[in-house]
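*Asks:* Structure of the sequence below:
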Amino acid sequence: MRLRLDLAYDGTAFSGWAAQPGRRTVESELSRALTTVLRAPEPVRLTVAGRTDAGVHARGQVAHADVHPAAWWALPGRSDRAPELAALTRLAGVLPSDVVVHAVRLAPSGFDARFAATSRRYLYRLCDRRTELDPLRRFDTVLTKTPLDVAAMDAAAQELLGLRDFAAFCKRREGATTVRTLLEYSWRRLDDGVLAATVVADAFCHSMVRALVGAVVPVGEGRRPVGWAAEVLAAGVRDPAVAVMPPHGLSLEEVTYPPDADLATRVLEARSRRSL
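*Replies:* Numbering: from 1, shown residues only. Model (predicted):
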């Protein structure tokens, strides 16, 4: 049977989501924990909504795992707890403190954590006032050397919205499309003075969010005009002037899915190669 897991993690001490030999990753920690609590004979394999890079955080990550039904129903042991509650308690007892599973439940028919998702929402935090940087937030906020014009950055970001080929902001993979639908990209200054970007798309290419941030920072610094990021996008090639911003300012905040009846259709759509 397929389980859906909703989780969060502090990415500071992880080499990203994906399991890698000799490295500490979120996938390896979660797989080890699930294998332990389910007493599975082989490591539990996971599929995730967003494969975050090293140092990237998550508050709203979603994954799924296919497990043996007998192991699931055996989780409560002699207690009268539901398997969902027993799973949370047992996972909390074996997971490290920088990973928290918020919910475990049986996934509806057709659910796929990666391909059934309709959108991913990320947050990126920048501080452009060194004296106002909260030292308690130093692991999720990037400090810039120059004051930033948030209105100019927001205007530049708006010009990137829509169904586009984001090859200029992606690390290419052989055979993979770089066509995505950017649903929202906005900047605002929070009450504590930090600049926050909200970036929402149906899916993202590798390093795309951090490159999108890097494309508007020069605009905020006054070194580039508002339309520059859109020009880079239209050129369709990586521009050395676009910095891929540090990972620790980035957090996956939310993954959305369609109604249960539409899950299978969404999976087919997501698996189809997109083009313009």
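*Asks:* Give me the contact list for stretch 168-180.
*Replies:* Stretch 168-180 is contacted by residues 163-167, 201-208, 211-212, 215, 232-233, 235-239, 242, 273-276 when judged by CB atoms under 8 Å, 6 or more residues apart in numbering. C-betas here are computed from N, CA, C, even on glycine.
*Asks:* residues in contact with the spatially most distant residue from the centre of the chain?
*Replies:* Ranked by distance from the centre of the chain (CA atoms, centre = their mean), the top residue is Arg78, with 37.5 Å. By CB under 8 Å, 6+ apart, no residues touch Arg78.
*Asks:* how close does it get to Ala86?
*Replies:* Applying CB to CB, to the nearest Å, the value for Arg78 to Ala86 is 11 Å.
*Asks:* For burial, what's the neighbour tally of Glu27?
*Replies:* 19 (other CB atoms under 10 Å).
*Asks:* just checking, it touches Ala18?
*Replies:* Yes. Using CB atoms under 8 Å as the test, Glu27 is close enough to Ala18 to be in contact (5.7 Å).
*Asks:* CA atoms of the helix or strand bottoming out on mean pLDDT in the chain as PDB?
*Replies:* Lowest by mean pLDDT, DSSP states H and E among the helices and strands of the chain is helix 263-271, with a mean of 93. Output of helix 263-271 as PDB, limited to C-alpha atoms (Å, rounded to 0.1, in the frame of the first residue of the first chain):
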ATOM      1  CA  LEU A 263      -4.900  12.500  -9.400                       C
ATOM      2  CA  ALA A 264      -4.400   9.900 -12.200                       C
ATOM      3  CA  THR A 265      -5.100  12.400 -14.900                       C
ATOM      4  CA  ARG A 266      -2.600  14.900 -13.300                       C
ATOM      5  CA  VAL A 267       0.100  12.200 -13.300                       C
ATOM      6  CA  LEU A 268      -0.300  11.500 -17.000                       C
ATOM      7  CA  GLU A 269      -0.100  15.200 -17.700                       C
ATOM      8  CA  ALA A 270       3.000  15.700 -15.600                       C
ATOM      9  CA  ARG A 271       4.700  12.700 -17.300                       C
END
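*Asks:* Centre of the chain to that helix, how far?
*Replies:* In terms of CA atoms, centre = their mean, to the nearest Å, the centre of helix 263-271 is found 20 Å from the chain centre.
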